[in-house]
Structures are given as C-alpha cells and as structure tokens.
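> here's my sequence, what's the structure:
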Amino acid sequence: MALFRYTARNSSGAFSKGKIEAADEFEAIAELRRNGKTVESIKKTSVKRQINFNFGFGIEPNSLASAASRLAVMLRSGISTGKAVKLAAEGSSDRQIKKILTECSADIEAGLSIAESLEKHRGLIPAAFVETVRAGEESGTLQICFERLSRYYERAHRIRQKLRSAMIYPVLLLALSAIVMGVVMTVLMPVMLGLLENAGGELPLITRALAAVSRFLSAYWPLIAAGILLLAAALRLFSFTDSGRLLISSLRLRLPLIGRAERLSAAGQFAGTFSILASSGLGTSKSIRTAARVLDNRVIGSSLESAAESLESGRSLSEILSENRWLPEMLAEVAAAGEESGSLAESFERAGTYYESEAAAMSDRALRLIEPALTAAVGIFTAVIVIAVYTPMFSMYNGIV
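Next up is the predicted model:
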C-alpha cells in the first residue's frame, strides 16, 4: 500500500486536504470519489509509521473508547459537534487524544469535518474509527456511531488487558530464569570449574564443554548482550515494514496453538470492525476493505482486501469468506444467514464477540503451556550443571579411595 496526499472538494464545494492509503493513484482517486470528494490534486508521499507497543493500536483502546463515549454523550445532549470535540479534548487524560481532538476542534472551525481532520492522524487513529465517523457524518447518525465505537474499543481493551495479565507471570519467569542462568554461568561456574581443573586429572566431556561455554560467556557477555539488544531493535523496526509485517504474520499463522489463536483473533477483529462500519451506513465492499486494512495480521488482511474486488462483480460475502482458508468456516455461515435475514451487521457483531472471546481463551491456554516448558528448561539446565560438576568430583573421590 502507498500513501497519497490529496486536495479535494466535497459535495458542498468546501476544500479539504488529507492523506489516503491505496495500492495506486487510480484506486486512491476512486476511493475518494466513493466518499463524495472531487479530487483537485493528488501526489504520492512517503509512509511514516508511528512506532508503538500498544498491540496494534496507535492509541490505547481504552483511550479511544473513552473519547468516543464522551463525544456520544455530548452529541446526544444536543451540543454542537465543534464544541463537543473541544470539551472532549479538555476532559481527556490521554495526551495524544487531547492533542488530536484539540487539532480537530480547530479544523472543524476552519470548515473540515471530523473524519477529514482525523484522517490527518492515520498513524495513530485506526482506519475503522475514521471511516465509521465519516459514515456517521454522512448519514446523520454520528452520536450512534460514537456509541458503537465506544463499545467496540472497550471490548478490545478488556480482551487485551486479560492477555497482558496472563503474560505477566511467564515473562517474569523467563526473565528471572535468564538472569539466574547468566549469573551461574559467568560468576559461579568459572570458580567451581577452576577448582576442578586445579585438582588435576582428565575432566569428562560434559564438564569440558560447560567450561568452554562458561569462559566464552564470561569473556564476551557485554558483546552478546549488545548483540541481542540490536537484534531485537532490528526485528522491531523490520516488523513495521510491509514485508516485515507479512513475514511475521505468516510465521504466527503457522505456529501451533498460536496460529489457531491468530485465526480466531483475526475473525473476531474483522467481524467486529465490519459490523460497526456496516451498521453506520458504509457499503459492504467499503466495509470489507476498511476492516481488512486494520487487521493486525496482514496475511489475512491482504487476502480479504483482494477478495473484496470479487464482491463488486456480484458475488456474495458468504461466498468470499468460504474461500478464505485462514478464517473459520462458521464465519461464512454467519454471513450467509445475515445476508438472508438482512441483518448482516448484527450477525457479525455477535460473531465478533464470540471469536474474540475464543481467541482470548486460546491465547490464555497457549501462555499457560509456557510455564511448565520454562520449568522443564530450568530443570534440565540445573541437571546438566550438577552432572558436569559432580561427575569429576566422584571420580576424584574414587581415585583417593
């Protein structure tokens, strides 16, 4: 996907500037036309990604939920859009949200819509949030759209908090185990192995191997630590490139247990995002494209973006989803039932809640398996040290006797 900077006129003749992501210039212009804009100028620009550690969100989901809830309440009370945005900015405790909403308030006074202003912050505000607001403005149901966004991001926040809580113990155990092993190998083992070598005699192979590893770690541990940090930083930066996101997404899908949780999470994220977009009045094709663009897993997202093109040729959503090998078969059945009953958005909202809960449960089970695996690894490490140290000691004792 490329990033384009554009200048356009809306249906009332007002000019606006913004950025849009698309495969090429023609797709960008077509997308803007579907949004009711007449393009005056468009130019490809570089993509500047915001590096963050918020599980795929530029801003924490609870901050988005809080901002959407505040705006929904104020709009429901009859407060004008510009004033509601200004009050929401003043009442926000999140610095990024406060800054964005303050700029939005100024943009609204200058004649821009909320969606056009939020579009300037695509690196931080999810595309689904922007498009839902845009659909709400066009359909006159902005307060309802903010209510839906509040519920959606509140649910996303609860699920992520549950996963973060489940990760605390395995991460602490892994860190503590690494520290203990490092201290043993670089501080204690050189002393013990030195005593054994000074005692004379030939040391067993396992003891000599452990001594070589211990000496290497003791001599080069600063370089090893720096190398690990540099590698971690390089991998993190690589994960923000298009090729990096695709590679990492592909690897996650192929891992046992984690791959299953990844598919369920993508199904829940897609269904939930599609439901709020479709219920806000956005067309099915646009809803699919937008929902696919905000998926954390880019392999699944790309497959759905490609499939959205066949929807415009007359195929149904259920047919498209049934051919997607990454998503659960039940999601296609839900789509078929929703299309027949005319309640596609409601059906996907229920499916999204179900799959997100299933993904959280599967991730929790995967994390629970890490604990016994780490315990076993520490046990094996301890056993190797005991054997390496006590084997020559017993040999020396037998020689004395």
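> in the one helix or strand Ala234 maps to, which residues are buried?
Using DSSP states H and E, the element containing Ala234 is helix 205-238. Neighbour-count burial for helix 205-238 flags 207, 210-211, 214, 217 (criterion: 16 or more other C-beta atoms under 10 Å). Quick note: C-beta positions are derived from backbone N, CA and C, even for glycine.
> nearest to Ala30, of these?
Leu217 (58.6 Å; C-beta to C-beta).
> circling back: could the buried residues of helix 205-238 go into CSV alongside distance to Pro170?
Below are those laid out as CSV (distance: C-beta to C-beta, whole Å):
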residue, distance to Pro170
Thr207, 32
Leu210, 27
Ala211, 32
Ser214, 27
Leu217, 24
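> of these, closest to Leu71?
Leu217 (55.5 Å).
> in the stretch 251-400 of the chain, where is pLDDT below threshold?
Scanning the stretch 251-400 of the chain for pLDDT under 70 picks out 396-400.
> which residues of it fall in helices?
258-279, 284-293, 298-311, 317-322, 329-341, 344-400 (DSSP state H, counting those that start in this stretch).
> in what helix or strand does the nearest residue to Phe146 once chain neighbours are set aside lie?
Nearest non-adjacent residue to Phe146, counting by C-beta to C-beta, 6 or more residues apart in numbering: Ala72, 3.7 Å away. For Ala72, the host element (DSSP H and E) is helix 61-76.
> list the buried residues in that helix.
61-75.
> distance check, the residue nearest to Phe381 when sequence neighbours are not counted against Val378.
Excluding its sequence neighbours, the residue lying closest to Phe381 (C-beta to C-beta, 6+ apart) is Met181, at 6.1 Å. Relative to Val378, Met181 is positioned 8 Å away (C-beta to C-beta, to the nearest Å).
> and for Gly91?
According to C-beta to C-beta, Gly91 stands 49 Å off from Val378.
> go on, Lys17?
Plainly put, Lys17 is 58 Å away from Val378 if you go by C-beta to C-beta.
> then stretch 175-188 to PDB, C-alphas only?
The C-alpha trace of stretch 175-188 is given here as PDB (Å, rounded to 0.1, in the frame of the first residue of the first chain):
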ATOM      1  CA  ALA A 175      13.400 -13.000  32.800                       C
ATOM      2  CA  LEU A 176      14.300 -14.400  36.200                       C
ATOM      3  CA  SER A 177      15.500 -17.700  34.700                       C
ATOM      4  CA  ALA A 178      17.700 -15.900  32.200                       C
ATOM      5  CA  ILE A 179      19.300 -13.800  35.000                       C
ATOM      6  CA  VAL A 180      19.900 -16.800  37.200                       C
ATOM      7  CA  MET A 181      21.400 -18.800  34.300                       C
ATOM      8  CA  GLY A 182      23.600 -15.900  33.400                       C
ATOM      9  CA  VAL A 183      24.900 -15.400  36.900                       C
ATOM     10  CA  VAL A 184      25.600 -19.100  37.300                       C
ATOM     11  CA  MET A 185      27.400 -19.400  34.000                       C
ATOM     12  CA  THR A 186      29.500 -16.200  34.300                       C
ATOM     13  CA  VAL A 187      30.200 -16.000  38.100                       C
ATOM     14  CA  LEU A 188      29.800 -19.300  39.900                       C
END
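> buried residues in that stretch, which are they?
Using 16+ other C-beta under 10 Å as the test for burial, stretch 175-188 gives 181, 185-186.
> and the residues you listed as JSON lines, adding secondary structure, distance to Ile258 and pLDDT?
Supplementary listing: the buried residues of stretch 175-188 in JSON lines, determined by DSSP: H, G, I helix; E, B strand; the rest coil; distance: C-beta to C-beta, whole Å; pLDDT from 0 to 100:
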{"residue": "Met181", "secondary structure": "helix", "distance to Ile258": "25", "pLDDT": "82"}
{"residue": "Met185", "secondary structure": "helix", "distance to Ile258": "30", "pLDDT": "81"}
{"residue": "Thr186", "secondary structure": "helix", "distance to Ile258": "32", "pLDDT": "82"}
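> what is the nearest of those residues to Leu255?
Using C-beta to C-beta, those come closest to Leu255 at Met181, 24.6 Å.
> how close does the closest one sit to Leu188?
11 Å.
> what are the boundaries of the helices in the stretch 101-250 of the chain?
114-118, 127-139, 142-183, 189-198, 205-238, 242-254.
> from the contact counts, what lies against the longest one?
Helices and strands in packing contact with helix 142-183 are listed as helix 61-76, helix 127-139, helix 258-279, helix 344-400; criterion 3 or more C-beta pairs under 8 Å, 6 or more residues apart in numbering; DSSP states H and E.
> how about the shortest one: buried residues?
With burial defined by 16+ other C-beta under 10 Å, the residues of helix 127-139 counted as buried are 127-138.
> what about Glu31, which SS state?
Following DSSP: H, G, I helix; E, B strand; the rest coil, we place Glu31 in the helix state.
> what's next to stretch 282-298, contact-wise?
Stretch 282-298 is contacted from outside by 1, 21, 34, 55-56, 126-128, 131-132, 135, 242, 245-246, 249, 252-253, 262, 265-266, 269-270, 273-274, 277-278, 300-305, 307-308, 311-312, 317, 320, 326, 344, using C-beta atoms under 8 Å, 6 or more residues apart in numbering.
> pull the CA atoms of it into PDB?
The C-alpha trace of stretch 282-298 is given here as PDB (Å, rounded to 0.1, in the frame of the first residue of the first chain):
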ATOM      1  CA  LEU A 282     -21.000   2.100   4.900                       C
ATOM      2  CA  GLY A 283     -21.300  -0.100   1.800                       C
ATOM      3  CA  THR A 284     -20.400  -3.800   2.100                       C
ATOM      4  CA  SER A 285     -17.400  -3.500  -0.200                       C
ATOM      5  CA  LYS A 286     -16.000  -0.400   1.500                       C
ATOM      6  CA  SER A 287     -16.600  -2.000   4.900                       C
ATOM      7  CA  ILE A 288     -14.700  -5.200   3.900                       C
ATOM      8  CA  ARG A 289     -11.800  -3.100   2.600                       C
ATOM      9  CA  THR A 290     -11.600  -0.900   5.700                       C
ATOM     10  CA  ALA A 291     -12.000  -3.800   8.100                       C
ATOM     11  CA  ALA A 292      -9.300  -5.800   6.200                       C
ATOM     12  CA  ARG A 293      -6.900  -2.900   6.300                       C
ATOM     13  CA  VAL A 294      -7.000  -2.600  10.100                       C
ATOM     14  CA  LEU A 295      -6.400  -6.300  10.900                       C
ATOM     15  CA  ASP A 296      -3.300  -7.000  12.900                       C
ATOM     16  CA  ASN A 297      -2.400 -10.000  10.700                       C
ATOM     17  CA  ARG A 298      -1.500  -8.600   7.300                       C
END
